[in-house]
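J.: what's the 3D shape of this:
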Amino acid sequence: DNKRQHYVPKSLLRRFAVDFETKRKPRQINLVNLASGKIVRGASLSEQCYVDYFYGKSLLIEKALGQLEGSHAELTRKIIENRSIEDCDGWSIVQMLILQKARTLRAEEEYNSMAEKMARLWPHGRVSEEALRSVKIRLKNAANHNVATTLAMCPILFDLKRFLIINETATPFIIADNPVVQTNWFGRVRD
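T.: Below you'll find the predicted structure:
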């Protein structure tokens, strides 16, 4: 019934599974809970990075994301096999990355935090500070709003250069529940 809605696609998590190299579909992943320091070896892959009805019970967003995930999984497979990024895949890469950045629990929290700050500005001066602080403001289906807003902004990212990082060391890459890293090259500190 699509109740279990992943905010990091299982197709992406499978690439980091401990049984990825087997002939069958990978089902286990090692994990570390940074807050508790707990290490779990061979955790169920399907039990990671999901929330029941994260995108709502209507399932429209969940089903649309499922279709995109299929094409993104194929694109990821192609890039890994070819060890290169084709120019024709630029739109899909931008869409895949920005979508993944927008759909995590952290992204939902950041979106809600921004919405709460904006909502608190509106009655400022007409409502006491104490009253404003006593109310927690949240958007219903914040993840859906964030995904829609982010996908609409995709075209402004087409001018970014794409780089493929190939790991040629014995230390494997890892993945997190918030797997997209962004930086501002122009915001770096120079010595």
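J.: confidence-wise, which helix or strand of the protein is lowest on average?
T.: Using mean pLDDT, DSSP states H and E, helix 129-133 stands out as the lowest-scoring helix or strand of the chain, at a mean of 83.
J.: buried ones in it, by neighbour count?
T.: For helix 129-133, the neighbour count (16 or more other Cβ atoms under 10 Å) marks residue 132 as buried. C-beta coordinates here come from the backbone N, C-alpha and C atoms, glycine included.
J.: please point out which parts of the helix or strand just after it sit buried.
T.: Scanning forward in sequence from helix 129-133 by DSSP states H and E, the next helix or strand is helix 142-152. Using 16+ other Cβ under 10 Å as the test for burial, helix 142-152 gives 142-147, 150.
J.: need the residues you listed in CSV (columns: pLDDT).
T.: Formatted as CSV, the buried residues of helix 142-152 follow (pLDDT from 0 to 100):
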residue, pLDDT
142, 91
143, 90
144, 91
145, 90
146, 91
147, 91
150, 89
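J.: so can I have TSV of those residues showing distance to residue 14?
T.: Formatted as TSV, the buried residues of helix 142-152 follow (distance: Cβ to Cβ, whole Å):
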residue	distance to residue 14
142	27
143	22
144	25
145	28
146	25
147	22
150	24
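J.: closest to residue 117 out of the residues you listed?
T.: When those are ranked by distance to residue 117 (Cβ to Cβ), residue 142 comes first, at 13.5 Å.
J.: contacts only, for that closest one.
T.: By Cβ atoms under 8 Å, 6 or more residues apart in numbering, the contact list for residue 142 reads 108, 111-112, 115.
J.: ok, it to residue 95 distance?
T.: Noted for residue 142: a distance of 20 Å to residue 95, by Cβ to Cβ, to the nearest Å.
J.: ditto for residue 161
T.: From residue 161 to residue 95 the distance is 17 Å (Cβ to Cβ).
J.: for these two, indicate the residue with more neighbours.
T.: Counted by other Cβ atoms under 10 Å, residue 161 and residue 95 do not tie: residue 95 has more neighbours, with 18 against 5.
J.: next, the more buried one: phi, psi?
T.: The phi/psi pair for residue 95 (degrees, to the nearest 10) reads phi -60, psi -40.
J.: who's in contact with the residue of the chain positioned farthest from its centre?
T.: Computed with Cα atoms, centre = their mean, the residue of the chain farthest from its C-alpha average is residue 126, at 37.9 Å. Applying Cβ under 8 Å, 6+ apart to residue 126 gives no contacts.
J.: measure it to residue 133 for me?
T.: From residue 126 to residue 133 the distance is 15 Å (Cβ to Cβ).
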